[in-house]
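Enquirer: Structural data only, the sequence is not supplied:
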């Protein structure tokens, strides 16, 4: 069975991530969507909220496992007995950054392989940070994130007193 | 009448910005230079100081309106009934970053169009942050910013106890 | 009156070119679409055929003049008393290539200004040479070129004995 | 069963290609290595010789099918009832070129998916054309191509009167 | 005598830096390795610790002088009566960033020249920040930094309560 | 004594090449300017004419040796007992291309080192092929090539019947 891991911050998951998952779910027997805890990087949503949002946004994709982890990505791979990492590329900047990470992971765990697929060209502009900035400034993000994410995003900003 | 908006931080305006304005002022009937308030990004100069410096540095360019705004750039465009954004490109990094922003703005406001012009090759190295760093470390920035900006920069650093 | 020149090979014009023309026609008072004769570069269509196809494909855009020229682009600009060049960018490779050309033109004619607009993200993949290759190998190019171009392309390949 | 196609010129196959095949053979159930006939591009080896060399160089990889085709890659995919394309990336130039091809293929065949894996950093410099140039100029290419390719390359150059 | 300066953060020095020094030491009569104090950038190691680690890691390279400085790099060059800066490039991102710095330095000090050499392809993935992150998360960094650096890194993390 | 080789086509030498030579002549004890014969690439000038033009254009630079060679660059280095190659970079495209060549040369000759310096930003646009194209189309290239090159270029085009 070929298992691939799709690690990321997903703060929050966007239609861009959903597209990558829909497309890669047909390539591998199972995809583990893994929310990474980044030391010293402030996230808007907790790990648990992010796992919950991914679940709500990907109910139509059959072969996913959704979880989170702390520590090195390669240690997570080893624990899951997986060696394939899937990442989407929107731009050259993504390519550069992801290449460095892939080589770093291969150095730490030589059996690991990172496969890249190109983001849908309609989502080239789309990033979690762009969604948060647009939402914060009152922009309409309905075309950027799935409905359950939209609700949790509004709620989160309301709690923070940014909306209302 | 064709109106274009030139949004930016201008913290402070440099000879690179002035060059872009001189060149684009001949392409459009009016250019609105718009200082953007970035949430959560510390600026050296206040919005008002930046508007003042731009005014002092661009007196020789006839068709400019200088102002500032908070919120999304596309909301500012709509309010001004403008749909053209002008941006300068110094490097590939600028191109990548600006492309993402342009696609994001086009997604939020489909009538918007971003036009790019290349920075003068003598100003490729020049950035507002480079000016601030050089000034802070005692470097000579006379060839980087117009005289009124130089004065305000010295004054600002003096207030902060960085110079004198 | 602000006149811009959109020079290119247009061998043949694609929906990508049409999109750039639709969008830039709202920015300038007049756009001169100029088919360039490249010394030593074999084209599939003659200059006259390319001018004719552009005309057929852009009837809905009001402020265009369609013509062709031989020689340096800057000499054509001078002759037309225009100083603005419009070019579309699909990718970083385009950006690099076009930047070099823009600096070269500015060197030869300092008053010239090249403005870039980003290709529609649905047309990122689209190039005249890709259209020709797909058509030659029997691919369906109806979503790549306007109907009159499709007809002329089929006719041209039929003449060359490549189709039928 | 997940089948992936690895299309290319392979004129000739290098250690870089072999590395991509070794690594991707563990990701998919079957890999079809497909030598592409490019209209109007002169190759050093015939399609048959290239298929033979690939076979000789990849005997240790179990799940490969080696063949050649003429026409569009997407038509070959459809014929083979495959929808995954595998490509290696050595550099940004590869990324740019391959991205355009991947989007073009996705446009012609929306079910197709291209996955990219990074070339081993020891083979970043390695290309079929570099091998041919080095061999032609008398350089030692033993570390660039597998032994059976080396033999056929020497033989080919001898026939052409380039060596001996 | 040709003296070159190799400025950097070296927080900490990695095998990538050592490789650049080994290779550039044969090109110039003397290399001054200069640890830069960056205003407002938190380092893991003090300037003194970094100078000490560089010394311990480069004992086998004869023509080095190791020191640190505060202020502009060009002022340090002038003080040392040197005009050559050496920098390593691992990636395009490095190239872009370093090009801007080189042009900025040349603007501030027209006699300065920056020469670039490519990182060894085995160290493309390697950065001081990657080393720190891997060490912090319990990864094995023995192949990334020389033994004396490894010891100081473990000790530093132990002090910070991150290890043990 | 540190000797560096500056290989290239120099068809013809431009002010960009002269600038690289002026700047690198201060870094090394001797620079060997080496005109490369490229198999299968048509040049406008013969190897001898190119050597002559380089000589005429660089009389003011003391430590140059000017010559030409056929074959692999690394074999030329070995013959000259040199191991340093100098190359100028005008753009990212240059960087990518030159990086591949540098890694290829290092693979063929591990002792070789390629050092890169950035082209003067005033010459970013300038290439030998651009000079030839401009001259052929009647453009003024006096700011692109030194006077003796200008004369030989005019003469060459006159012989070819392109001018007059």
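Expert: Okay, I see it. As the structure is a prediction and not an experimental result, all values here were calculated from the model. Numbering: from 1, shown residues only, chains lettered A, B, ... in the order given.
Enquirer: so where's chain A uncertain?
Expert: For chain A, residues meeting the criterion pLDDT under 70 lie at A:162-164.
Enquirer: On the strand side of things, show who residue A:66 bridges to.
Expert: Using DSSP bridges, the beta-bridge partners of residue A:66 come out as residue A:33.
Enquirer: count of residues packed around it?
Expert: Under the neighbour criterion other CB atoms under 10 Å in any protein chain shown, residue A:66 is assigned a count of 21. Placement of C-beta: from N, CA and C, glycine included.
Enquirer: Residue A:53 is in contact with that one, correct?
Expert: No. The pair residue A:66 / residue A:53 is not scored as a contact, 9.6 Å apart, by CB atoms under 8 Å.
Enquirer: Which parts of chain A are strands?
Expert: Assigned by DSSP state E, chain A shows strands spanning A:3-8, A:30-37, A:64-70, A:84-89, A:113-118.
Enquirer: possible to save those strands as CSV with distance to residue E:148?
Expert: Converted to CSV, those look like this (distance: least, CB to CB, whole Å):
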stretch, distance to residue E:148
strand A:3-8, 33
strand A:30-37, 32
strand A:64-70, 30
strand A:84-89, 33
strand A:113-118, 32
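Enquirer: If we go by neighbour counts, what in stretch A:68-85 is buried?
Expert: Buried residues in stretch A:68-85, counting neighbours by 16 or more other CB atoms under 10 Å in any protein chain shown, are found at A:68-69, A:72-77, A:80, A:82-85.
Enquirer: Now look at it and say if it contacts chain D.
Expert: Yes. With CB under 8 Å from any CB of the partner chain as the threshold, stretch A:68-85 lies in contact with chain D, specifically through A:83, A:84.
Enquirer: which bits of chain A sit near chain C?
Expert: On the criterion CB under 8 Å from any CB, chain C has as its neighbours in chain A the residues A:92, A:121, A:122, A:124, A:125.
Enquirer: Of those residues, which is the nearest to residue D:144?
Expert: Set against residue D:144, the nearest of the residues of chain A next to chain C by CB to CB is residue A:92 (27.9 Å).
Enquirer: Go ahead and confirm the closest one touches residue B:96.
Expert: Yes. Here residue A:92 reaches residue B:96: they are 5.9 Å apart, a contact under CB under 8 Å.
Enquirer: what's near enough to touch whichever residue of chain A sits closest to chain F?
Expert: Proximity to chain F, evaluated over chain A using CB to the nearest CB, is greatest for residue A:92 at 9.9 Å. Under the criterion of CB atoms under 8 Å, 6 or more residues apart in numbering or on different chains, the contact list for residue A:92 reads B:92, B:96, C:92, D:92, D:95, D:96, E:92.
Enquirer: quick revisit: most widely separated two among the buried residues of stretch A:68-85?
Expert: Between any two of the buried residues of stretch A:68-85 (CB to CB), the greatest distance is 19.9 Å, for A:68 and A:83.
Enquirer: Could you pull up the contacting residues of whichever residue of chain A sits closest to chain C?
Expert: Closest approach of chain A to chain C (CB to the nearest CB) occurs at residue A:121, with a separation of 4.2 Å. Shown in contact with residue A:121 (CB under 8 Å, 6+ apart): C:121, C:122, C:124, C:125, D:103.
Enquirer: count of residues packed around the third one?
Expert: Just to be clear, that refers to residue C:124. 22.
Enquirer: could you check the angle helix E:92-108 makes with the top helix by length along chain A?
Expert: For chain A, the helix reaching the highest residue count under DSSP state H is reported as helix A:92-108. Here helix A:92-108 runs at an angle of 120 degrees relative to helix E:92-108 (axes from the mean of the first three to the mean of the last three CA atoms, to 10 degrees).
Enquirer: Quick check: residue A:1 touching residue A:31?
Expert: No. With contact taken as CB under 8 Å, residue A:1 and residue A:31 are classed as non-touching, separated by 11.8 Å.
Enquirer: between those two, who's got more neighbours?
Expert: Neighbours per residue (other CB under 10 Å) separate residue A:1 from residue A:31, with residue A:31 holding more: 26 against 7.
Enquirer: Go ahead and confirm that one touches residue A:23.
Expert: No. Under the criterion of CB under 8 Å, residue A:31 lies out of contact with residue A:23, with a separation of 10.4 Å.
Enquirer: Point out the residues in chain A that sit beside chain B.
Expert: Chain A has residues A:91-93, A:124-127, A:130, A:133-134, A:136-140, A:143-144 near chain B, with proximity defined as CB under 8 Å from any CB.
Enquirer: Generate a PyMOL selection restricted to the buried subset of these.
Expert: Isolation of the buried members of the residues of chain A next to chain B (16+ other CB under 10 Å) is achieved in PyMOL through the command below:
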select buried, chain A and resi 91+92+93+124+125+126+127+130+133+134+136+139+144
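Enquirer: Next step: the residues of chain A next to chain B restricted to helices.
Expert: Within these, membership in helices is found for A:92, A:93, A:130, A:133, A:134, A:136, as judged by DSSP H.
Enquirer: In CSV: those, plus distance to residue E:14.
Expert: Converted to CSV, these look like this (distance: CB to CB, whole Å):
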residue, distance to residue E:14
A:92, 25
A:93, 23
A:130, 33
A:133, 35
A:134, 39
A:136, 38
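Enquirer: Find the pair from these with maximum spatial separation.
Expert: Greatest spacing in these, by CB to CB: A:92 and A:136 (27.1 Å).
Enquirer: Might you enumerate the residues of chain A proximal to chain D?
Expert: Remark: the part of chain A in contact with chain D comprises A:2, A:23-24, A:26-28, A:83-84, A:89, A:92, A:95-96, A:99, A:102-103, A:113-118, A:121, using CB under 8 Å from any CB.
Enquirer: Can you flag the buried ones in these?
Expert: Neighbour counting by 16+ other CB under 10 Å classes A:2, A:23-24, A:27-28, A:83-84, A:89, A:92, A:95-96, A:99, A:102-103, A:113-118, A:121 among the residues of chain A next to chain D as buried.
Enquirer: Show the contacting residues for residue A:146.
Expert: A:13, A:15, A:18, A:56, A:57.
Enquirer: so how far is residue F:126 from it?
Expert: 51 Å (CB to CB, to the nearest Å).
Enquirer: Could you do residue A:125 as well?
Expert: In this structure, residue A:125 and residue F:126 are 35 Å apart, going by CB to CB.
Enquirer: what's the answer for residue A:116, then?
Expert: Summarising the geometry, the distance separating residue A:116 from residue F:126, computed by CB to CB, is 36 Å.
Enquirer: again, but for residue A:112
Expert: Distance from residue A:112 to residue F:126, by CB to CB: 45 Å.
Enquirer: Next: residue A:128.
Expert: Applying CB to CB to residue A:128 and residue F:126 gives a distance of 43 Å.
Enquirer: go on, residue A:24?
Expert: If you measure residue A:24 against residue F:126 using CB to CB, the figure is 45 Å.
Enquirer: so how far is stretch A:46-62 from its chain's centroid?
Expert: Computed by CA atoms, centre = their mean, to the nearest Å, the chain-centroid distance of stretch A:46-62 equals 10 Å.
Enquirer: buried ones in that stretch?
Expert: Neighbour-count burial for stretch A:46-62, counted by 16+ other CB under 10 Å, picks out A:47, A:49, A:50, A:51, A:52, A:53, A:54, A:57, A:58, A:61.
Enquirer: Help me confirm that the third one comes into contact with residue A:68.
Expert: Yes. The pair formed by residue A:50 and residue A:68 meets the contact definition of CB under 8 Å, at 7.1 Å.
Enquirer: list residues touching both of those two?
Expert: Taking CB under 8 Å, 6+ apart as the contact criterion, the common neighbours of residue A:50 and residue A:68 are residue A:35.
Enquirer: Any idea how far stretch A:21-37 is from the middle of the chain?
Expert: 10 Å.
Enquirer: contacting residues around that stretch?
Expert: Counting by CB under 8 Å, 6+ apart, residues outside stretch A:21-37 touching it are A:1-10, A:47, A:50-51, A:54, A:58, A:60-70, A:73, A:76, A:80, A:82, A:84, A:86, A:117, D:2, D:27-28, D:83-84, D:113, D:115.
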